[in-house]
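Asks: pasting the sequence and the predicted coordinates here, then a few questions.
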Amino acid sequence: MRFGPAGYPSAGKTPEKALEYTRGLGLDALEVEFVRGARIKPERADEIGAKARELDIRLSCHAPYFISFNSESQETRDKSIDWVMGTVRAAHHLGAYIIVIHAASYGKSPDTALQSVVDGLSRCRDLMDDEGIHDVILGVETMGKTGQFGTLDEIGKVMEQVDGVRPVLDVAHVHARGRGCLRTEDDMRSLVDQFFGLCGDIAHFHISCIKYGDKGEISHLPLETKEPDLQILADILEDSRQDCTFICESPLIEKDAVVFRDMFPRYRVSP
């Protein structure tokens with residue numbers, strides 16, 4: 001199991017220093033946030049990736065938020081492919097194994113969302129094959145708002161039609177979408193069992209707590225709020241042999257990554 005922050009901690013003035021700071025906390029994963037666009041030169045990505053490998057930090061990337069394969073605008077659908085591919089290329093140079101995608105909203109056409117996501121990601125896979133990029137997984141994130149595409153069932157249907165796609169389980173998003181549905185060990189275990197049946201070699205998690213309302217997600221919260229209580233998740237996974245990456249998206253990205261890691265006795269670092 002690996003643990004790390006969503007983004008470079010601000011204590012590091014450069015990506016390399018941020019990686020060193022992350023490793024100094026006993027963390028060994030980091031998600032590079034390209035949420036506004038993957039604007040990085042290949043040579044620079046190569047340098048950062050080399051530093052991550054030196055420090056044994058597992059990298060992933062988050063694709064831009066503007067992606068919407070089910071948009072009513074064909075221009076936005078086309079640009080969504082460009083945004084995914086820009087992130088794929090950056091991830092390839094960084095040595096990141098997965099990119100995380102917010103695939104679509106239902107919008108005015110919820111019945112078309114699944115096929116739209118399948119069509120968009122299929123086009124991305126074709127382009128990846130054309131460019132010889134075979135080392136990056138297209139990760140579709142479970143989404144926290146009821147108007148967004150991204151339940152595990154929906155992602156599983158995409159996987160049936162598009163190779164190289166895996167789910168990214170945002171536990172807080174599931175909790176928010178279900179209006180506080182992860183209360184017990186049975187709730188959490190059922191979710192994890194479904195996820196592990198789809199995740200492949202590495203289970204990629206996003207962790208945080210969350211404020212929610214009638215339509216689901218409102219905002220991410222620190223782990224101390226226990227919405228949901230992630231100690232339940234840690235207890236379930238303590239004896240698991242599944243390779244997992246846990247990326248912390250709470251407002252306290254690196255601090256709460258350490259807090260969550262220390263919920264596992266076998267990973268707890270003594271003072």
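Replies: Alright, I've got the coordinates.
Asks: sec struct for N70, please.
Replies: coil (DSSP: H, G, I helix; E, B strand; the rest coil).
Asks: give me the neighbour count for it.
Replies: 26 (other C-beta atoms under 10 Å). For the C-beta atoms, the positions are set from N, CA and C on the backbone; glycine is no exception.
Asks: so which strand or helix has the residue nearest to G200 when sequence neighbours are not counted?
Replies: The shortest distance from G200 to any non-neighbouring residue, by C-beta to C-beta, 6 or more residues apart in numbering, is to R166 (5.1 Å). For R166, the element it lies in under DSSP states H and E is strand 165-170.
Asks: could you do D78 as well?
Replies: helix 74-94.
Asks: how close does E141 get to D28?
Replies: 22 Å (C-beta to C-beta, to the nearest Å).
Asks: averaged pLDDT, stretch 134-154. What do you get?
Replies: Mean per-residue pLDDT for stretch 134-154: 97.
Asks: tell me the buried residues in it?
Replies: 136-145, 148-152, 154 (16 or more other C-beta atoms under 10 Å).
Asks: so P222 makes contact with C248?
Replies: No: using C-beta atoms under 8 Å, P222 is not in contact with C248, being 9.8 Å away.
Asks: who's more crowded, those two?
Replies: C248 (31 against 16).
Asks: may I have the beta-bridge partners of the more buried one?
Replies: P5, I207 (DSSP bridges).
Asks: go on, V100?
Replies: What pairs with V100, by the bridge criterion (DSSP bridges), is H62, G139.
Asks: might you report the residue contacts of it?
Replies: E31, S60, C61, H62, A63, G139, E141, V168, H204, H206 (C-beta atoms under 8 Å, 6 or more residues apart in numbering).
Asks: please redo it, this time with the cut-off set to 10 Å
Replies: V100 is in contact with 6, 31, 33-35, 60-63, 87, 137-141, 168, 170, 204, 206, 247, counting by C-beta atoms under 10 Å, 6 or more residues apart in numbering.
Asks: same thing with L191?
Replies: L191 touches T142, L152, L169, V171, V174, H175, G178, C181, L182, P228, L233, I236, counting by C-beta under 10 Å, 6+ apart.
Asks: helix, strand or coil: sort out it for me.
Replies: helix.
Asks: before we move on, what about V32?
Replies: strand.
Asks: nearest spatial neighbour of it, skipping sequence neighbours?
Replies: C61 (4.8 Å).
Asks: same question for C124.
Replies: V84 (4.9 Å).
Asks: please report how far that neighbour lies from S10.
Replies: Taking C-beta to C-beta, one finds V84 at 27 Å from S10.
Asks: more neighbours: those two, which one.
Replies: V84 (26 against 10).
Asks: how far away is the more buried one from D214?
Replies: 31 Å.
Asks: do K108 as well
Replies: K108 is 20 Å from D214, by C-beta to C-beta.
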